[in-house]
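[1] Generate coordinates for the sequence data below:
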Amino acid sequence: SRETQYLTMASETDDKQSLQNDWVLWEHKQSGSKNPNQWKENMSEIAHFNTVEDFWRYFNHIPSPSEVFFDGECRKKVGGKVVEEFSLFKKGIEPEWGDPMNAQGGEWFCRQYFDADVLDLYWQNLVLAVVGETLEDTLNQSKDVVNGIRVVDKSRNYPTYKLEIWFNARLHDEEVKEKLLAIVTDGQGSNRKTLPKFEWKDHC
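    Purely as a prediction, here's the structure:
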C-alpha cells in the first residue's frame, strides 16, 4: 500500500524527510501538431519535490492516468486541453531524447491496453520505485542509471497506453527486464491476464 511504502521511505518524525534526489513531474497536453517545438510548448512542470512529505502532498492530488486518458468512450480535458502524458524525471533532466542525460541511454517500454486499475497500479509502482530509489537498488548498477519515467496515452480509436523507464546507460538485458516486470506488477495479485510486454529502445 502507499502507507507501507511511506514507512519504508521515512522514519516517524516531525521533520521533513529528504529524498535522495530532486524530482520534477511534467504534464504534456495535446498539441494537435507533429512539430517537435510545439510539443515542447505543451509540456509544463506541475510539481517539484525533494522530500517524502511534499511527494505525497502532490501525488495524492494529481489525477491518476485512468482519470484523464482515453477510456474507449471519451477524452477528458484538464484546463480545456487533453492530457496525453505524465513524466517524472530527476531535476535538471527534461523528458525528451535530446537532453544530454538521455541521449546516450535508452528506455524499456511497453505499449498496449491495460484495464484502468492495472494502468494506475503500474504507474504508481513505477513512481514509488524511482522516488524511493528501490528501482536503483534492485538494478544494483555501479552508478545511478534511472533518469525518469513516463506514462503516455497512445490511443486512437482504441485505448492504448505506453509505460517508459528511461536510463542514462544501455541496459537491454533480460535480467533488467525481469526486475522491472517484478516491480511494475507488484500487488497485482491474481489479476494477471495482461502483463507488460517490455521492449528496449536506444535513444541514439
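[2] residues in contact with residue 158?
    Counting by CB atoms under 8 Å, 6 or more residues apart in numbering, residue 158 touches 72, 113. Every residue, glycine included, has its C-beta placed from N, CA and C.
[3] let's go with 6 Å and repeat that
    Not one residue lies near residue 158 by CB atoms under 6 Å, 6 or more residues apart in numbering.
[4] Can you tell me how far it is from residue 52?
    38 Å (CB to CB, to the nearest Å).
[5] how about the strands in this structure?
    18-29, 43-51, 83-90, 106-112, 146-153, 161-167, 199-202 (DSSP state E).
[6] okay, those in CSV with mean neighbour count and distance to residue 183 next?
    Converted to CSV, the strands of the chain look like this (neighbours: other CB atoms under 10 Å; distance: least, CB to CB, whole Å):
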stretch, mean neighbour count, distance to residue 183
strand 18-29, 18, 17
strand 43-51, 15, 21
strand 83-90, 22, 15
strand 106-112, 19, 11
strand 146-153, 22, 11
strand 161-167, 23, 9
strand 199-202, 13, 16
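[7] Mind checking these for the one nearest to residue 100?
    strand 146-153 (10.7 Å; CB to CB).
[8] Leaving out sequence neighbours, find the closest residue to residue 185.
    Once flanking residues are discounted, residue 185 sits nearest to residue 195: 6.3 Å by CB to CB, 6 or more residues apart in numbering.
[9] swap in residue 28?
    residue 85 (3.7 Å).
[10] Correct me if wrong: that neighbour contacts residue 154.
    No - in this structure residue 85 lies outside contact range of residue 154 using CB atoms under 6 Å: 9.5 Å.
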